[in-house]
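Trainee: Fold the stuff below for me.
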Amino acid sequence: MGKVNIDKIDKKILQFLVKNARMPFLEIARECGISGAAIHQRVKKLTDQGIIKGSSLEVDPKSLGYDVCAIVGIQVTEPVMGPTIAEALKSIKEVVECHYVTGKNHLMIKMYCLDNDHLMRALNDMLKIPGVGNTETLISLSQPFSRQIDVSHLSDE
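Mentor: Next up is the predicted model:
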């Protein structure tokens, strides 16, 4: 999908929702100076355009005992197998993100495990996927921040 242009009200709506996806639409409407119905219509339009991909809440993995966050670079034996491997990675519940990347790896995944033994088992499951070649595992020591994209720089229509 190509770039979609938004106006200043859409931009303001996005800024509020990026900060707090659970912010009531009526509160956003008051801040934007338009009706609640207009906010609903605009959010639906932004969703239909693919700008908003849904809303979610964030769970802290460490609070649930997932003490190991690993980033794994995966080289595939045959690049055409990338989509098949990405689909197979979905079956490994520890994998929470998968990206096609440039460089020596073809895929980069993020996974959460309870401990290093759990990580080793999950990596072994991953290595059983046909087409997975060399891997490089990096363990995250901490995550200083995580954020959504900043929409304030977008130009208004």
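Trainee: Do a quick rundown of the helices in the protein.
Mentor: Applying DSSP state H to the chain gives helices spanning 8-19, 25-32, 36-48, 82-89, 116-127.
Trainee: Remind me what the fourth one packs against, helices and strands.
Mentor: Helix 82-89 sits against strand 68-76, strand 95-100, strand 107-113, with contacts defined as 3 or more CB pairs under 8 Å, 6 or more residues apart in numbering; DSSP states H and E. Glycine gets a C-beta too; all of them are placed from N, C-alpha and C.
Trainee: right, and those - which one's nearest M23?
Mentor: M23 lies closest to strand 95-100 among the helices and strands packed on helix 82-89, at 25.0 Å (CB to CB).
Trainee: returning to what we had before: dump the helices and strands packed on helix 82-89 to TSV, plus mean neighbour count and distance to P83.
Mentor: Shown next, in TSV, are the helices and strands packed on helix 82-89 (neighbours: other CB atoms under 10 Å; distance: least, CB to CB, whole Å):
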stretch	mean neighbour count	distance to P83
strand 68-76	19	10
strand 95-100	14	9
strand 107-113	20	10
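Trainee: how about these, which one is nearest V4?
Mentor: Nearest of the helices and strands packed on helix 82-89 to V4, taken as CB to CB: strand 95-100 at 22.3 Å.
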